[in-house]
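Asks: Build the 3D model from these lines:
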Amino acid sequence: MIELIGVRIWAIPYRDRRPSAPRKLPCGVVVEEPTRDQRAGAPPNIPDRFELPTNPGVYVGFSGLFWLPTGQLAAVYGGIREPLG
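Replies: Next up is the predicted model:
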């Protein structure tokens, strides 16, 4: 399990390799590394940065592909990884 730290953490959930609407994640959200089968739900090419919808022209870097507490696979941007346990 991994805690994500940051003030501008955004996730783009995927379903069947299709992106959903971006959503802001709270600082301290706990996520998991997806299994190989779960990763299959992501597209082969994930952008390495994301433009903030709340602040056009400002970009945050790719933090990783994670399984969110909502049970969704998502590309996460702007978070710093802090391993738990």
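
Asks: Can you tell me which residue is spatially central in this structure?
Replies: Central residue check for the chain by Cα atoms, centre = their mean: the C-alpha nearest the mean position is that of residue 76, 1.7 Å away.

Asks: Find me the pLDDT at that residue, would you?
Replies: Per-residue confidence (pLDDT) for residue 76: 98.

Asks: With residue 53 instead?
Replies: Residue 53 carries a pLDDT score of 92 in this model.

Asks: How much space separates it from residue 14?
Replies: 17 Å (Cβ to Cβ, to the nearest Å). Where C-beta positions appear, they are placed from N, C-alpha and C, glycine not excepted.

Asks: swap in residue 31?
Replies: From residue 31 over to residue 14 (counting by Cβ to Cβ), the distance is 14 Å.

Asks: So the two - more neighbours on which side?
Replies: Between residue 31 and residue 14, counted using other Cβ atoms under 10 Å, the more crowded position is residue 31 (24 against 20).

Asks: Give me the secondary structure label for the more buried one.
Replies: Judged by DSSP: H, G, I helix; E, B strand; the rest coil, the three-state class of residue 31 is strand.

Asks: okay but it is in contact with residue 9, surely?
Replies: No. The criterion here is Cβ atoms under 8 Å, and residue 31 misses it with residue 9 at 9.9 Å.

Asks: Please identify every residue contacting each of the two.
Replies: Overlap between the contact sets of residue 31 and residue 9, as judged by Cβ atoms under 8 Å, 6 or more residues apart in numbering, is given by residue 76.

Asks: avg pLDDT for the host helix or strand of residue 66?
Replies: Here residue 66 sits within strand 59-67, counting by DSSP states H and E. Average pLDDT, strand 59-67: 97.

Asks: which of the residues in it are buried?
Replies: Of the residues in strand 59-67, those with enough neighbours to count as buried (16 or more other Cβ atoms under 10 Å) are 60, 63-67.

Asks: And those, which is closest to residue 4?
Replies: The shortest separation between residue 4 and any of the buried residues of strand 59-67 is 6.7 Å, and it belongs to residue 63 (by Cβ to Cβ).

Asks: No further questions, thank you.
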